[in-house]
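Colleague: Build me a model:
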Amino acid sequence: MTDHARELARAIRDCEGLFLVVTGAGISLASGIPTFRGSDLGAVWKRDVTELGTVRYFDQEPEGSWRWYLERFEKVLGARPNPAHSALVDIERWRVARQAPFLVITQNIDGLHRAAGSTALVEVHGAADRVRCSAYGCRNGAPDGSLPRSQVDLSSFLAHPTRQNVPRCPECGELLRQHVLWFDELYSGHRDYQWPRVLDASDTAELVLFVGTSFSVGVTEQVLSQARERGTPVYNVDPAGRPMRGVALVKEPSEVLLPRTAAVLDADAHPTR
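Modeller: Numbers count the residues shown, from 1 in each chain. Sure thing, here's the model as predicted:
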């Protein structure tokens, strides 16, 4: 039986260039957050159509957009990192101690990588704990601005979720929106998505690890296609994953495999322990 933790640890150890990790909703499943398109019974998009996560829907029905997101963010904002998030922090520190490049690109908006302590991080789809002005060019809006959700008074909207009570920007008075990438928006639409950094990482990575992603959005296509073109080793950790060309599939839960991988790296670094 293959010891996937040792195999992955060996690949990480041998990688002198950028080790790129791309995470999706599956890594947060053990934190109690349902996936969006996965096989678990709580998958969000099994119940709701993707048209709700769009600028078009927000423009038509901002109060509906806010209600929809607040319902889903209740679980997201109350979640805590699980052992997979913590293990990636350990692996980051292991790489940094050896001056070896490392980066996590997450599709998740839950903030759990940040909460766990990841610093080499791109939240390419935005963050649930921030909002922004819907007016382009406002200090609190795209392409550069946002503000913490904690600074927004939601009491009126929660009591009476009507269009009149949709939260407004303290700077210009326009409607506030979620600070997330919607399905009819571009990755280049906001500086916080760090799209140029994603492109650079996909062009230079010498080892790629996907964790809990359905390979259904642009960032995964970008990274995977570049890895295939350059002959970069690629691993995919997903208990329900499907075989793909040029990808080594590991059907283990990330909250089990990644801590074991980090432990192997640590043991190799401290053999007398």
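Colleague: in this protein, which ranges drop under the pLDDT threshold?
Modeller: 1-2, 35-49, 269-273 (pLDDT under 70).
Colleague: can you give me the helices for it?
Modeller: Using DSSP state H, the helices of the chain run over 4-14, 55-60, 62-77, 83-97, 112-116, 155-159, 195-204, 218-230, 254-269.
Colleague: closest one to residue 244 among those helices?
Modeller: helix 218-230 (8.0 Å; CB to CB). Every residue, glycine included, has its C-beta placed from N, CA and C.
Colleague: Pop the domain breakdown of this protein in here.
Modeller: 1-33+81-125+191-273, 35-78+127-180 (automatic domain parsing).
Colleague: which of these is buried the deepest?
Modeller: domain 1-33+81-125+191-273 (a mean of 19; mean count of other CB atoms under 10 Å).
Colleague: ok now that one, how far from the chain's centre?
Modeller: 11 Å (CA atoms, centre = their mean, to the nearest Å).
Colleague: hmm, who's touching stretch 185-198?
Modeller: The contact list for stretch 185-198 (CB atoms under 8 Å, 6 or more residues apart in numbering) reads 55, 103, 105, 122-127, 132, 142-144, 146, 179, 181, 218-219, 222-223.
Colleague: switch the cut-off to 6 Å
Modeller: 105, 122, 124, 142, 143, 144 (CB atoms under 6 Å, 6 or more residues apart in numbering).
Colleague: Take those residues and keep only those in strands.
Modeller: 105, 122 (DSSP state E).
Colleague: quick revisit: among the helices of the chain, which comes closest to residue 239?
Modeller: With CB to CB, the closest approach to residue 239 among the helices of the chain belongs to helix 254-269: 8.6 Å.
Colleague: For that closest one, output the C-alpha coordinates as PDB.
Modeller: Provided in PDB are the C-alpha atoms of helix 254-269 (Å, rounded to 0.1, in the frame of the first residue of the first chain):
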ATOM      1  CA  SER A 254      -6.900  16.300   3.500                       C
ATOM      2  CA  GLU A 255      -7.400  16.700   7.300                       C
ATOM      3  CA  VAL A 256      -5.700  13.300   7.600                       C
ATOM      4  CA  LEU A 257      -3.100  13.300   4.800                       C
ATOM      5  CA  LEU A 258      -1.700  16.800   5.300                       C
ATOM      6  CA  PRO A 259      -0.900  16.600   9.000                       C
ATOM      7  CA  ARG A 260       0.800  13.200   8.300                       C
ATOM      8  CA  THR A 261       2.800  14.800   5.500                       C
ATOM      9  CA  ALA A 262       3.800  17.700   7.800                       C
ATOM     10  CA  ALA A 263       4.800  15.200  10.500                       C
ATOM     11  CA  VAL A 264       7.000  13.300   8.000                       C
ATOM     12  CA  LEU A 265       8.800  16.600   7.100                       C
ATOM     13  CA  ASP A 266       9.200  17.500  10.700                       C
ATOM     14  CA  ALA A 267      10.600  14.100  11.600                       C
ATOM     15  CA  ASP A 268      13.100  14.300   8.800                       C
ATOM     16  CA  ALA A 269      14.200  17.700  10.000                       C
END
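Colleague: what separates stretch 137-154 from the chain centre, distance-wise?
Modeller: 20 Å.
Colleague: And stretch 52-66, by the same measure?
Modeller: 22 Å.
Colleague: can you tell me the distance between the two ends of stretch 169-179?
Modeller: 13 Å (CA to CA, to the nearest Å).
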